[in-house]
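In: next comes the sequence, and after it the predicted model I'd like to discuss.
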Amino acid sequence: MEASWIDICGVEEIWPNTGVCALVGATQIAVFRLAGTDGEHLYAIDNRDPFSGANVLSRGLLGNLGERRVVASPIYKQHFDLATGACIEDPAVSVRTYRVRVADGRVQVAA
């Protein structure tokens, strides 16, 4: 079954190495645009921090822990792997990840 792609915003509307929040149906999704020496990458995860219950992950700090690209929650500072959604500090906890792409200069997530 082919994915249904939801338009979020223009890729240039997300500053490099930052995130934005998009409301898709009733779900808040954090979309990140990372720029590095290996090119640009887009990631999308749930915006809800499972530890605090607040919708804040799009405002978290981006970085690397070893080879993993992560976002640190601005509340309690847990790190979430942007590719897998896994919490680095507590492997029993994770956030949902979403497929993300750029089509005609627009960022889209798979519903």
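Out: It's in.
In: what residues are up against Ile88?
Out: Listed by C-beta atoms under 8 Å, 6 or more residues apart in numbering, the contact set of Ile88 reads 65, 68, 70, 78-81. (Each C-beta comes from the backbone N, C-alpha and C, glycine too.)
In: kindly supply the ChimeraX command isolating those of the residues you listed that are buried.
Out: The ChimeraX selection below is limited to those of the contacts of Ile88 classed as buried (16 or more other C-beta atoms under 10 Å):
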select :70,78,79,80,81
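In: among the contacts of Ile88, give me the pair with the biggest separation.
Out: Taking C-beta to C-beta, the two most distant members of the contacts of Ile88 are Arg68 and Gln78; they sit 13.2 Å apart.
In: before we move on, the earlier item: go through the contacts of Ile88 and say which is closest to Ser94.
Out: Phe80 (7.5 Å).
In: and the contacts of the strand or helix carrying the closest one?
Out: Using DSSP states H and E, the element containing Phe80 is strand 79-81. The contact list for strand 79-81, computed with C-beta under 8 Å, 6+ apart, reads 45, 57, 60, 65, 68-73, 86-89, 94-95.
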